[in-house]
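Novice: sequence below, structure please.
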Amino acid sequence: MQTNPLSIHNMSVAYQKKPVLRNVSFEVPEGKLIGIVGPNGAGKSTLIKAALGLIPRLSGDVSIYGKPYAEQRKMVGYVPQRESVDWDFPTNALDVVMMGRYGHLGWFKRPGQAEKRFAMECLAKVGMTEFADRQISQLSGGQQQRIFLARALAQDAKLYFMDEPFVGVDAATEKAIITLLNELKMQGKTVLVVHHDLATVKEYFDWVMLLNVQLLDFGPVEQTFTADKLQQTYGGRLTILDHDNQSSMIMNTR
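Specialist: Here you go, the predicted structure:
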């Protein structure tokens with residue numbers, strides 16, 4: 001029987017007794033690019049961290065291909081928010097990418113030439129081969145993001161979580177990221193991406209999750225990413241404009 005890459009049932013999370021996620025349940029189909037959208041404070045990053053056991057859950061079950069995450073770590077890749085990383089840590093780009101191989105090697109076995117070649121191939125896929133020996137603190141924000149994507153590739157996972165990979169990157173890096181995501185999809189991988197730019201959701205993703213503490217909807221973009229459902233998700237913070245039947249969305253800052 002085929003099991004889904006990710007299944008979450010009745011997951012709740014709170015910070016200092018304030019609910020951040022409430023009774024979230026969904027099943028993720030295999031081989032899809034999935035955008036997770038919602039207003040600030042909706043629980044998007046919390047969803048990923050709770051699923052990976054990085055923060056405690058009040059309740060709920062999470063399974064990766066039918067088993068607990070602790071038993072399936074090798075099948076999962078994770079790209080955290082760039083600002084959550086200590087970029088002053090004294091290491092170079094290649095070493096960061098090689099860290100993605102540790103789950104396959106075990107922590108006490110040193111990576112050899114085969115792992116180094118694989119890591120270099122991952123750097124090549126994100127256009128960063130020439131920066132392999134560069135200290136990560138000397139890289140631009142977009143370059144740092146590419147390095148973390150290469151590390152996720154080195155994990156050779158089946159399910160990927162990416163927390164705001166497009167934030168603060170240049171246009172070339174954004175194009176490189178979406179090209180990479182589509183390559184992963186072509187390989188049958190499943191990718192969940194926390195995303196803020198509503199204007200690119202239809203272009204970038206197959207499915208979309210609408211989240212605001214509770215799960216408001218989850219499904220194929222053409223069915224789920226509608227003006228009514230977005231208004232429900234964002235409330236008064238979203239204005240829908242319609243120009244010649246082409247809808248566009250503006251976030252209200254007040």
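Novice: from here on, contacts and neighbour counts on C-alpha atoms
Specialist: Noted.
Novice: hang on, residue 14 in a strand?
Specialist: Yes: remark: residue 14 belongs to a strand, assigned using DSSP: H, G, I helix; E, B strand; the rest coil.
Novice: wait, what's in contact with it?
Specialist: 20, 21, 57, 58 (Cα atoms under 8 Å, 6 or more residues apart in numbering).
Novice: most neighbours, which of these?
Specialist: residue 21 (26 neighbours; other Cα atoms under 10 Å).
Novice: tell me how far that residue lies from residue 205.
Specialist: 23 Å (Cα to Cα, to the nearest Å).
Novice: if we can go back for a sec, the contacts of residue 14 in strands, which ones?
Specialist: 20, 21 (DSSP state E).
Novice: the stretch 51-200 of the chain: strands as residue ranges?
Specialist: 59-64, 76-79, 159-163, 190-194 (DSSP state E, counting those that start in this stretch).
Novice: which of the ones you listed is buried the deepest?
Specialist: Most buried of the strands of the stretch 51-200 of the chain by mean neighbour count (mean count of other Cα atoms under 10 Å) is strand 190-194; its value is a mean of 25.
Novice: okay, now the sheet partners of that strand, with direction.
Specialist: Here strand 190-194 has these sheet partners by DSSP bridges: strand 33-37 (parallel), strand 159-163 (parallel).
Novice: show the average pLDDT along the first one.
Specialist: By that I understand strand 33-37. On average, the pLDDT along strand 33-37 is 97.
Novice: ok, residues contacting it?
Specialist: Under Cα under 8 Å, 6+ apart, the answer for strand 33-37 is 44, 181-182, 185, 190-196, 198, 201, 204-211.
Novice: against residue 194, how distant is the residue positioned nearest the centre of the chain?
Specialist: For the chain, residue 162 is the residue whose C-alpha lies nearest the centre (Cα atoms, centre = their mean; 1.6 Å). Remark: distance between residue 162 and residue 194 (Cα to Cα) = 6 Å.
Novice: now for residue 40, how many residues are close by?
Specialist: Residue neighbour count, defined by other Cα under 10 Å, stands at 11 for residue 40.
Novice: isn't there a helix covering it?
Specialist: No: counting by three-state DSSP, residue 40 falls outside a helix, being coil.
Novice: measure it to residue 93 for me?
Specialist: 31 Å.
Novice: below-threshold pLDDT in the stretch 51-200 of the chain: ranges please.
Specialist: Applying pLDDT under 70 to the stretch 51-200 of the chain flags residues 87, 103-111.
Novice: show me the helices in it, by range?
Specialist: Along the stretch 51-200 of the chain, the stretches classed as helices by DSSP state H, counting those that start in this stretch are 93-98, 102-105, 113-125, 141-154, 171-186.
Novice: leaving out the residues flanking it, which one is nearest to residue 208?
Specialist: Distance criterion Cα to Cα, 6 or more residues apart in numbering; nearest residue to residue 208, sequence neighbours excluded, is residue 35 at 4.7 Å.
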